[in-house]
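In: Provided below for reference: sequence and predicted model.
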Protein chains: 2
Amino acid sequence: MHRTKVKIVEEALDANNTIAQANRADFDRAGVTVVNFMSAPGAGKTTLLERVAGDLPGVRMGVLEGDVQGSLDADRLAARHVPVTQLNTDPGFGGECHLDANMVRSALPNLPLDGIDLLVVENVGNLVCPAEFRIGEDVRVMVSSVTEGEDKPLKYPLMFRTCDLVLVNKIDLLPHLDYDVDKFLYHLDHVHPDVERMMVSARTGEGVDAWREWLMRVATGDRAIA
Amino acid sequence: MHRTKVKIVEEALDANNTIAQANRADFDRAGVTVVNFMSAPGAGKTTLLERVAGDLPGVRMGVLEGDVQGSLDADRLAARHVPVTQLNTDPGFGGECHLDANMVRSALPNLPLDGIDLLVVENVGNLVCPAEFRIGEDVRVMVSSVTEGEDKPLKYPLMFRTCDLVLVNKIDLLPHLDYDVDKFLYHLDHVHPDVERMMVSARTGEGVDAWREWLMRVATGDRAIA
């Protein structure tokens, strides 16, 4: 029983990787760099995108917005005058908890790939399954809010281990929390030694310049990321 | 392809419900009330349990602790002198993002059902899939942290719609956030009209008395919950 389940899961992940490679090839042909942007619910992904949308000189950004239901985040980003495509995962019983390569593939015809240089895919808010499914991205960025506690790298290791950049968000709240930044970074280095990290506040704008510059480096190929 | 997937999912949920009923029967025989306790990562489930553990006069509480990896939360609760059983979902590729009835069933032999009146099952931190899988619980409680934003009921409606109590946690941070409590409650009532809700701070203890009393009412059968 268990072995059957593992086999089905492995086959599903193999199939996903095949489709992810096809997506990757299409993105390469169009010259579009793709960021898979992930976090727990409410960690601040959309606000961090609002902060940089329309403000990346020389880089045309588009967004693929993944949600179980609704278009709240897409509406927020469309107001910043970047092209946004909505992708809902809800098939009628609560919705998938992540984007996979096939869902992203189904959205390709709606993406203005020839008009953008950088595509940020905002994944469903979840620290588990999104990390398991590649979608054809170049890089993975995750947001970890300081309100979530210092232990998250240990509890959700695959997510922290497979990302290229960790944005530690909501640092404006640090004076009001029992949160030890050093302890978080210690846990982070335990599961993903020396992964690039930035302390930011989407609310106050602190650290956002570094995030913007990182995105521009990624979009222009001027980077050294594994 | 899509139809096949839906069919497999429906069969999986049917199988889950059958096992959940078997769990339910075992819990009833032992006279144990079961709470399925859910939230996004870092919303404060464990701290809210620490606040009441060992402090429910006349009610013997036990905890089943669901995590992808590790036993951090179980260790915290064991320090409060309540029986805690760890259940990890990690099968080697990132772990399941939720508990299902079969996982809970596998833990039954390790649960001291004859020595407790109330079992709180702390689910994996996730606002999507845990809502889809019944585990044999009497009631569902979810925690929504004010740091996650007011829009979460609209983005994760199944979770909010299927719970019996919503704990709105971290209200000590309200003075430092752009969070409109009335807007959150408006969205909550949109997806689950009049669901019971409590404003709490696990950190300061505000509202914890009401949470403790609710658990005691549930455990002693003195309640009127749908």
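Out: Done, it's in. Predicted model, so just to flag it, every value in this text is computed and none were measured. Numbers count the residues shown, from 1 in each chain, chains lettered A, B, ... in the order given.

In: the helix or strand of chain A with the lowest mean pLDDT to helix B:2-30, inter-axis angle?
Out: Taking mean pLDDT, DSSP states H and E as the measure, the helix or strand of chain A with the lowest value is helix A:2-30, at a mean of 85. Angle of helix A:2-30 versus helix B:2-30, following axes from the mean of the first three to the mean of the last three C-alpha atoms, to 10 degrees, is 140 degrees.

In: strand partners of whatever helix or strand comes next after helix A:2-30, parallel vs antiparallel please.
Out: Moving toward the C-terminus from helix A:2-30, the first helix or strand encountered (DSSP states H and E) is strand A:33-39. Strand A:33-39 pairs in its sheet with strand A:118-122 (parallel), strand A:139-145 (parallel), by DSSP bridges.

In: in a strand, residue A:197, correct?
Out: Yes. Counting by DSSP: H, G, I helix; E, B strand; the rest coil, one finds residue A:197 located in a strand.

In: end to end, how far does stretch A:64-71 reach?
Out: The first residue of stretch A:64-71 is 11 Å away from its last residue (C-alpha to C-alpha, to the nearest Å).

In: pLDDT of it, averaged?
Out: Taken as a whole, stretch A:64-71 carries a mean pLDDT of 93.

In: per-residue pLDDT of residue A:204, please?
Out: Predicted confidence (pLDDT) for residue A:204: 97.

In: touching, it and residue A:172? I think so.
Out: Yes. Counting by C-beta atoms under 8 Å, residue A:204 does reach residue A:172; the two are 4.8 Å apart. Where C-beta positions appear, they are placed from N, C-alpha and C, glycine not excepted.

In: look at those two and report which has more neighbours.
Out: When residue A:204 and residue A:172 are compared on other C-beta atoms under 10 Å in any protein chain shown, the one with more neighbours turns out to be residue A:172, at 17 against 11.

In: what residues are up against that one?
Out: A:201, A:203, A:204, A:206, B:176 (C-beta atoms under 8 Å, 6 or more residues apart in numbering or on different chains).

In: if I look at it, how far off is residue A:179?
Out: 12 Å (C-beta to C-beta, to the nearest Å).

In: same question, residue A:57
Out: As judged by C-beta to C-beta, residue A:57 and residue A:179 stand 34 Å apart.

In: the more surrounded of these two?
Out: Neighbour count, other C-beta under 10 Å: between residue A:57 and residue A:179, residue A:179 has more, with 19 against 6.

In: in which helix or strand would I find the more buried one?
Out: Per DSSP H and E, there is no helix or strand for residue A:179.

In: which residues of chain A fall in helices?
Out: Taking DSSP state H as the criterion, chain A contains helices spanning A:2-30, A:45-52, A:72-78, A:101-107, A:152-155, A:157-161, A:181-191, A:208-219.

In: distance between the first one and the chain's centre?
Out: Looking back up the chat, that one is helix A:2-30. The chain centroid and the centroid of helix A:2-30 are separated by 18 Å under C-alpha atoms, centre = their mean, to the nearest Å.

In: same question for stretch A:214-222.
Out: Here the centre of stretch A:214-222 is set off from its chain's centre by 16 Å, with C-alpha atoms, centre = their mean.

In: try stretch A:64-81
Out: When C-alpha coordinates are averaged (C-alpha atoms, centre = their mean), stretch A:64-81 and its chain have centres 14 Å apart.

In: hmm, who's touching it?
Out: With contact meaning C-beta under 8 Å, 6+ apart, stretch A:64-81 is reached by A:45-46, A:49-50, A:53-54, A:63, A:84-90, A:94-97, A:99, A:103-104, A:107, A:111, A:119-124, B:128, B:151, B:154-158.

In: put the buried members of the residues you listed into a ChimeraX selection.
Out: The following ChimeraX line selects those of the contacts of stretch A:64-81 that are buried, judged by 16 or more other C-beta atoms under 10 Å in any protein chain shown:
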select /A:45,46,49,50,53,63,84,85,86,87,88,89,94,95,96,97,99,103,104,107,111,119,120,121,122,123,124 /B:128,151,154,155,156,157,158
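
In: re earlier: closest to residue B:115 out of the strands paired with strand A:33-39?
Out: With C-beta to C-beta, the closest approach to residue B:115 among those belongs to strand A:139-145: 38.0 Å.

In: who touches that closest one?
Out: A:33-40, A:42-45, A:48, A:152-153, A:159-160, A:162-170, A:184, A:218, A:225, B:42, B:147.

In: please pick the buried ones from those.
Out: Burial of those was assessed by neighbour count (16+ other C-beta under 10 Å); the buried members are A:33-40, A:42-45, A:48, A:152-153, A:159-160, A:162-170, A:184, A:218, B:42, B:147.

In: for residue A:114, give me its contacts.
Out: With contact taken as C-beta under 8 Å, 6+ apart, residue A:114 is in contact with residue A:30.

In: distance check, it against residue A:80.
Out: Residue A:114 sits 21 Å away from residue A:80, taking C-beta to C-beta as the criterion.

In: about what we covered before: I'd like the strands paired with strand A:33-39 as a markdown table, with mean pLDDT appended.
Out: Supplementary listing: those in a markdown table, determined by pLDDT from 0 to 100:
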| stretch | mean pLDDT |
| --- | --- |
| strand A:118-122 | 98 |
| strand A:139-145 | 98 |
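
In: out of those strands, nearest to residue A:7?
Out: For those, proximity to residue A:7 was assessed by C-beta to C-beta; strand A:139-145 is nearest, at 26.6 Å.

In: buried sites along stretch A:204-223?
Out: Of all the residues in stretch A:204-223, those buried under the rule 16+ other C-beta under 10 Å are A:207, A:208, A:211, A:212, A:214, A:215, A:216, A:218, A:219.

In: for those residues, give me TSV that also has distance to chain B and pLDDT.
Out: TSV is the format used below for the buried residues of stretch A:204-223 (distance: C-beta to the nearest C-beta, whole Å; pLDDT from 0 to 100):
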residue	distance to chain B	pLDDT
A:207	18	98
A:208	16	98
A:211	19	98
A:212	22	98
A:214	24	97
A:215	23	97
A:216	27	96
A:218	24	96
A:219	28	95
